[in-house]
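*Asks:* give the three-dimensional model of this entry:
(chains A, B, C and D)
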There are 4 protein chains.
Amino acid sequence: MERIDWARAHMPLLRELEAELSSTKPFAGMTIGICLHIEPKTAVLATALASGGAAIVITGSPGTTQNDVADWLAGKGFEVHGRREDGLAEHRRNITRVVERRPGLLLDNGADLVALVLEQGGNAIGATEETTTGANRLREELSGRVSFPVIVINDSPLKSIVENQHGVGQTVVSAFLQATNLGIAGRRFAVLGFGWCGRGIARYLSALGGRVSVVEPDSIRALEAALEGFEVMELEEAIPRSEVFITATGRPGVLRREHFELLPDSAILANTGHFSTEIELDALRALSREAVRVDGGIERFTLSSGKSIYLLARGEMLNLAAAGGNPVEVMDLGLSLQAASLARIATDPSTLASGPQPVPAEINQTIARRMLSALR
Amino acid sequence: MERIDWARAHMPLLRELEAELSSTKPFAGMTIGICLHIEPKTAVLATALASGGAAIVITGSPGTTQNDVADWLAGKGFEVHGRREDGLAEHRRNITRVVERRPGLLLDNGADLVALVLEQGGNAIGATEETTTGANRLREELSGRVSFPVIVINDSPLKSIVENQHGVGQTVVSAFLQATNLGIAGRRFAVLGFGWCGRGIARYLSALGGRVSVVEPDSIRALEAALEGFEVMELEEAIPRSEVFITATGRPGVLRREHFELLPDSAILANTGHFSTEIELDALRALSREAVRVDGGIERFTLSSGKSIYLLARGEMLNLAAAGGNPVEVMDLGLSLQAASLARIATDPSTLASGPQPVPAEINQTIARRMLSALR
Amino acid sequence: MERIDWARAHMPLLRELEAELSSTKPFAGMTIGICLHIEPKTAVLATALASGGAAIVITGSPGTTQNDVADWLAGKGFEVHGRREDGLAEHRRNITRVVERRPGLLLDNGADLVALVLEQGGNAIGATEETTTGANRLREELSGRVSFPVIVINDSPLKSIVENQHGVGQTVVSAFLQATNLGIAGRRFAVLGFGWCGRGIARYLSALGGRVSVVEPDSIRALEAALEGFEVMELEEAIPRSEVFITATGRPGVLRREHFELLPDSAILANTGHFSTEIELDALRALSREAVRVDGGIERFTLSSGKSIYLLARGEMLNLAAAGGNPVEVMDLGLSLQAASLARIATDPSTLASGPQPVPAEINQTIARRMLSALR
Amino acid sequence: MERIDWARAHMPLLRELEAELSSTKPFAGMTIGICLHIEPKTAVLATALASGGAAIVITGSPGTTQNDVADWLAGKGFEVHGRREDGLAEHRRNITRVVERRPGLLLDNGADLVALVLEQGGNAIGATEETTTGANRLREELSGRVSFPVIVINDSPLKSIVENQHGVGQTVVSAFLQATNLGIAGRRFAVLGFGWCGRGIARYLSALGGRVSVVEPDSIRALEAALEGFEVMELEEAIPRSEVFITATGRPGVLRREHFELLPDSAILANTGHFSTEIELDALRALSREAVRVDGGIERFTLSSGKSIYLLARGEMLNLAAAGGNPVEVMDLGLSLQAASLARIATDPSTLASGPQPVPAEINQTIARRMLSALR
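*Replies:* Now for the predicted structure:
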């Protein structure tokens, strides 16, 4: 399938792991239960794991499963549960079916598989967990109950570097350009938040000629922004002098009811934080006498004053709204950390503690070294 | 219509001209014949010209007319000829219909309108011509026969600055990201050509973390590239060490038969020059044992050696393949130069020479000053 | 004195602290013993501390005391020990004289004052220590013996940001330009080490058009460098393709005997790490048939092969070799952290633990906020 | 002599020309009369010309002759006139002595040699002229009287690229750092003028983290600045929000009497234009109740309001005030264009027109290609 071949051609880390797993067969005789969006990049991962000797049972997420990829996986002999049409009820049933196979290894997303295994009194050799949300669930809701190692992928410094510092900046720029067809050079942006994501966004916009103001309450981060040449200011100062506002704070209610009427006419709002609550959308709707879809991902709100305010991607993560979501190499990195961590668990589980834990340092070093070679 | 409103909201130069034309009415009693792609930005232009008192008769280009925009223009009382479905024969008929109205002013694209007027022994007060191709036709094929002023928009220094140095660089980056979903940071690009477009592309890729080699036969331009920190090399050196190759030379046959087998496996080729002949596509096809469409704008060729070569946008201008084409402000600038030049011709034609000529200096200064204000 | 006035005019943080200390008088009745290079910026600090009510007794370091500044301080009524002409014996005597005054507060540099107080069985309310070297001495040689708080300035994140990420990069660039009168644009540099200092240097050189290769054994840091667009390679690869080599690793023996004959003719070597051992100077001298001083800070070595190798600043920290050393604002920050930390100790010593400890978080936030305001 | 060896080691273009001239001997039997600052880089040029067979007679400029270099040149058998101590009268005599040798080729600086030859009714095979000032003198004062070709070096596009776009930006940054010991990151600069020099300065400051406002009356240039991300504004707006003001306009009276009292306290003024009249120094002095030398190249003026204004380098060209002046490669380029142009005149004078003319295109291409190779 061409889309899978294209992905594989640009996932050198997974290709190298596949070659290694093919010869070392760390998963021989084991079943790996997977919960991940079913799309071409996941297919490259599943193939790599299978080449290591594993039987694969996989389910996707409601609404994101690409049926042709699911069919392709099934055609390869993997057990696949899930179709794009599935709702939450079907998703729950699919998760159950994966757990019924009693997989020794779990590749989890939001701790759904691990939680169900524990609920059923089951066990596993070990697991990987993609998200911080899932890791928090393990540390809080499921605290003390996980008797096997769970390696949390999102805590790897490589993820911060590759995804947050570079991937997000690029993807937000790309999504902005696709959605608006506006130029960046000379345009005024306010970036709200100067954490890893915010600074990636600010730097990429600035590199393309954007004039970027930064709003950041932490004084140390704000100083970093100023020393990089950004204009640092309070939100109240940034509002009248910016045209595009991008939230990247991780906190709710950053752009609030009291701000909307102060925005310049034709201001553009976008959010890149995990939750769409960074912009108070309910208040925006309540203040508007009209809300119209412009095109693709743009909505126009007319305030009672007559001002137009444009909202991109319905206030959801702008970077994931772009065609294709995260760049291929960001996915190659994350999925390779998954595969290498599972191989580590399969090979030598006794040397790992129980419960959530970071990616082992030697895996980070190895994957970093390989990514470096791939960039040569 | 929302898409037209969005465009107008981001075309401050045309909005300011519209306000001015509304009060000065330079086109009162005149007909303007227009040949331009019919899409939202053109609609903003037509409205501005009409506000100056002109009757408008307009046709588009085959295959690019947006029918809902054509309907919207007709609803405003403009005479519109052309539908998306038209072929070349219908286009020729549409051009004829525009000329039949005996427009005093022509807004031309490729000199089609001017040529037909002359062929029919007609006349006009004056015209504007968008393209260099059209200007060359006036200077060569129609040389000595044009008895009225034709202001050539593409020769304005503002176009070089806004479109070539900034617009193209941004649009190529945007189109590459959309088409491939690959990351730019750390990736190896070879940019072939370091003219206005090539340097825009090289700088934007580099600003996003790309590692860019430049191939440029002119030693002075090549030196400029080296002093900006680019790796400058012969094509033969760039081939084995690059992954993505972007042509921007304006010359045919830059990537040729003898180069294709030397490319690294999975190399990606794209063209940004006006003609798709910068990459010898016939030779690429002839050398390939397989050619498959991957997805969207990507085609994969398998050479007899088994290597894969990917081609973006069928070798046509990558920047125009992106969603939306040129950024809105590039269009705002170009169309405003058109409108202001037509107003100059209408107001004071006797002070202008006959034949093709550059945009008057005071128009460039005025439009630059307004664009600057709009960026504040 | 004009040089002190110039420094004060560009030290807004110390000026603001001085105004604050003048009104709060936290040091009323106390003596502060200081060991710091005696130069204009130190004079601004001493004046600020005195305005807080302190009696000041100060000594400098051998060889760096500026006698006119020492005289100026004495003229202000401070007790000053030390002249430029002093050797190590005099320095030891000066330290003793400071301690004899039984200062309640110590502003130390290398833990010399603290060590002598402890050796004499004395005590203090608390101290600040500028250097990591001094902090290590407190943690190792003097471990368990310090019964009062010692705030270690160099561990503040503000120091990393202002001094290491920005100050060092700028100062190395400035010192290179002064010493060599060479251009940076288009020139090939190898930066050895991609820690805080190395990345500052690499980024500043690259920003000025330099073509920078990075050598870094840690794979994660190396990957960061590659994703920023640097060429990352082994030292063996960098040697034949670079002209200027800058060490910033913090480790000895980076450029070694086996490397010197492999360097290109006319290669230039410089070190920015704390110790001059990053380049094996003994080996370089041993391999050379001639060593000649060129001019200012450049020495030329002729190897037996006839190749010339140039060494800048005798292999000592290149950044400190530039006129003026660290930029004024780097000093303003560091000295303000000193003054604010001393005020914190003087005001409320009981809430601080004994022994070496980082700058309190609220001081970092306050100083960051003020520096930000000063940059407005 | 070590300083000359260092220069030669970093002047690859002159070294390559020397090798070529040694074998082709284009100057055999000819005398070259030279008027140039006598310093190490000039010595490298003179040696290269002599290797081409020329007898050399050379004089320097009053006040800049380095006596040890003059002695070294005399020791090589060249006829040298001039010592550092010389005043204008001696300089005039030295010029006369050079012309008395009846040199067939002249390497001139300000058209002094050419003017004297013409005055005496003499003749020459041809000449080169370094400066635009000299070229203007040839075109105006001496118009129609020059019967031999004079190649004007400063008009070469290579000079604009290498010296104006890169050399000046770097040198101004370097001189600012040396003179002030201030940091650039986060600091507010106003650059007055966005011609070749101004944009070089603005880009280099911005690349180092400076926050740069640009003042430029030409709307097209101003737009270019805005699209590169600079804040473009009127001088009146820039004055209250900047700390450092750098003139680069080529026009007198840019910073005037009415501006000085509006400057922020401790503002820093510097000029980079050819004439020191860009800042109205007389008015500044007249308005000041005190003027004190701070250190090195800084002067402090106290206005009647009590504000301090700092002036760098007495308002003369800041870039030439830095240690060493222009970077070595800028000189290598300019002197190589001189040498290659003289060789062209010597070899084939009949194909060149009389009077001032640009560097032949093939020389520009050749020298560009060699500089490119040297940067590899």
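*Asks:* can you count the residues close to the closest residue to chain C within the stretch 1-150 of chain A?
*Replies:* Closest residue of the stretch 1-150 of chain A to chain C, CB to the nearest CB: A:L13 (11.6 Å). Placement of C-beta: from N, CA and C, glycine included. Around A:L13 sit 24 other residues, with neighbours defined as other CB atoms under 10 Å in any protein chain shown.
*Asks:* go on, A:L352?
*Replies:* Residues within reach of A:L352, counting by other CB under 10 Å, total 18.
*Asks:* repeat for A:L333
*Replies:* When neighbours are defined as other CB under 10 Å, A:L333 has 28 of them.
*Asks:* just to revisit the earlier point, just the element for the residue of the stretch 1-150 of chain A closest to chain C, please.
*Replies:* For A:L13, the element it lies in under DSSP states H and E is helix A:12-24.
*Asks:* please save the CA atoms from that helix in PDB.
*Replies:* What follows is helix A:12-24, C-alpha atoms only, in PDB (Å, rounded to 0.1, in the frame of the first residue of the first chain):
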ATOM      1  CA  PRO A  12      14.500   5.100   9.300                       C
ATOM      2  CA  LEU A  13      14.500   4.400  13.000                       C
ATOM      3  CA  LEU A  14      11.700   1.800  12.800                       C
ATOM      4  CA  ARG A  15      13.300   0.300   9.700                       C
ATOM      5  CA  GLU A  16      16.500  -0.200  11.600                       C
ATOM      6  CA  LEU A  17      14.700  -1.600  14.600                       C
ATOM      7  CA  GLU A  18      12.800  -4.000  12.300                       C
ATOM      8  CA  ALA A  19      16.000  -5.300  10.900                       C
ATOM      9  CA  GLU A  20      17.400  -5.800  14.400                       C
ATOM     10  CA  LEU A  21      14.200  -7.400  15.800                       C
ATOM     11  CA  SER A  22      14.100  -9.800  12.800                       C
ATOM     12  CA  SER A  23      17.400 -11.300  13.800                       C
ATOM     13  CA  THR A  24      17.100 -11.200  17.600                       C
END
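*Asks:* other SSEs contacting the following helix or strand past it?
*Replies:* Where DSSP H and E defines the elements, the next helix or strand beyond helix A:12-24 is strand A:31-35. Packed against strand A:31-35 by the contact rule (3 or more CB pairs under 8 Å, 6 or more residues apart in numbering or on different chains; DSSP states H and E) you find helix A:40-51, strand A:55-59, helix A:88-100, strand A:105-108, helix A:112-119.
*Asks:* give me the angle between the second one and helix A:40-51.
*Replies:* Spelled out, it's strand A:55-59. Angle between the axes of strand A:55-59 and helix A:40-51 is 160 degrees (criterion: axes from the mean of the first three to the mean of the last three CA atoms, to 10 degrees).
*Asks:* follow-up on the earlier one: what residues does the helix holding A:L13 touch?
*Replies:* A:8, A:27, A:44-45, A:47-49, A:51-53, A:332-333, A:335-336, A:339-340, A:343, A:367, A:370-371, A:374 (CB atoms under 8 Å, 6 or more residues apart in numbering or on different chains).
*Asks:* same thing but 7 Å
*Replies:* Contact with helix A:12-24 is made by A:8, A:44-45, A:47-48, A:51-52, A:332-333, A:335-336, A:339-340, A:343, A:367, A:370-371, A:374, as judged by CB atoms under 7 Å, 6 or more residues apart in numbering or on different chains.
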